[in-house]
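Undergrad: this is a predicted model, with the sequence first.
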Amino acid sequence: MTSRELAEALKVTPHAVQECMRDRHGTDVHVGGYARVAAHSTRVNRWKLGAGPDAPLPHRKTKNEVNREYSRRMRKDPEYCARQNQLARLRYAEKTGKLIRSDSAFQWMQHAPQHDPQPLQAEDWRDAMPRSAAFFPRAGLGLLSGTTPNHTTP
C-alpha cells in the first residue's frame, strides 16, 4: 500500500506513516512497487511487509517522449489548436508585411471628434469670464487691511 492508503486505514497522518516506513525500511518493510497518485505526478512507493530487495525504479521517459505525448494531447484540444493557428497567421502576416497593427493612437484617430458645432474663439473666452472676478483684488485688499470680514470664523 502507499503511505496515504496506510494512513487512511490506520487513521493517522501520512507523514507519520512515512516516518515509520523510513525507520523500518530494509528490515521490516521494503518497496514492492510504485504507483501514480495523479495523472502527471511522480510515482510513490508501494510498501510491502518483510525484508527484501526493493523493486527496481521504473524507466524514466526522455524529454522527447514527454514532449511527443504532450503534443499528441494538445492536438486533440480544439482551443489549443485555435490559439496555435491564430499565432501562425499573425507570424505569417508579419513576415509577409501584410499586417496592419491598430494601436491605441490609431484607434483614437478613427473615432469622430465630439466637439461643439462652432469651435470657441479667443473673444468667446473673454465673454465667458465672470464679471465678479475683476473685483477680487479690491476685496482682497479689504481683507488684508484689517477691516472686519462679513463672515465669522469658527
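TA: Here it is on my side, so go on. Residues are numbered from 1 along each chain as shown.
Undergrad: where do the helices sit along this protein?
TA: 3-10, 14-24, 63-75, 78-96, 104-110, 122-128, 136-144 (DSSP state H).
Undergrad: nearest to residue 38, out of these?
TA: Closest to residue 38 of those is helix 3-10 (CB to CB; 11.5 Å). C-beta here means a position set from N, CA and C on the backbone, and glycine is covered the same way.
Undergrad: so where's this protein shaky on pLDDT?
TA: 100-103, 105-107, 109-154 (pLDDT under 70).
Undergrad: reformat the helices of the chain as a markdown table; add distance to residue 30 and mean neighbour count.
TA: Shown next, in a markdown table, are these (distance: least, CB to CB, whole Å; neighbours: other CB atoms under 10 Å):
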| stretch | distance to residue 30 | mean neighbour count |
| --- | --- | --- |
| helix 3-10 | 14 | 15 |
| helix 14-24 | 9 | 14 |
| helix 63-75 | 29 | 10 |
| helix 78-96 | 43 | 11 |
| helix 104-110 | 66 | 8 |
| helix 122-128 | 93 | 8 |
| helix 136-144 | 96 | 10 |
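Undergrad: that's all I had, so thanks and see you.
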